[in-house]
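Asker: Would you be able to build a 3D model of this:
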Amino acid sequence: MENEAVDRPIAQIEKNMRYINGIIKHKGREILKNYSITTPQFIALQWLLEDGDLTIGELSNKINLAFSTTTDLVDRMEKNQLVERRRDTKDRRVVRIHLLPNGKEIIHEVIQKRQAYLSAVLADVSAENVDALHHVLDLLLEKMKWDKENNKKK
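Answerer: The predicted structure is shown next:
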């Protein structure tokens, strides 16, 4: 019985996070309808913006798609002048995917619209509560990153 009391808030947190994730994904898809990119392309472009140039293999791992699927994705993005393949300056055998200005512009616009949506949702929430939410989400993310890194080492 005591265990249920402890698990109840955790179960509710997990459920709320699933719902929030679903709402954000849905809103993100709505925003993407105004752009010539798909959701997987958006995710790939985000990783390239955050991490810089990546190989197909690195990008494939980050977006959890098969290598061949990621190659097709990059081909389409390259055709639309969102990215380009570049030889690594240190090892010419390695090809990296480089984010082009057009890709950066789309990502920045979409992220700004997503942030504006979140800002509108939180408009009537006190600054203290927004700060508390920020702090707790940072803490959760750090704990999850730590857990992920330590599980890799096992």
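Asker: Residue 40 looks like it's in a strand, true?
Answerer: No: secondary structure of residue 40 (DSSP: H, G, I helix; E, B strand; the rest coil): helix, not part of a strand.
Asker: That one against residue 66, yeah?
Answerer: No: with contacts counted by Cβ atoms under 8 Å, residue 40 stays clear of residue 66, the gap being 11.5 Å. The C-beta positions use only the backbone N, C-alpha and C, and glycine is treated the same way.
Asker: who's more crowded, those two?
Answerer: residue 40 (17 against 9; other Cβ atoms under 10 Å).
Asker: From residue 58, how far out is the more buried one?
Answerer: 16 Å (Cβ to Cβ, to the nearest Å).
Asker: Next: residue 29.
Answerer: In terms of Cβ to Cβ, residue 29 sits 25 Å off from residue 58.
Asker: again, but for residue 43
Answerer: Counting by Cβ to Cβ, the gap from residue 43 to residue 58 is 14 Å.
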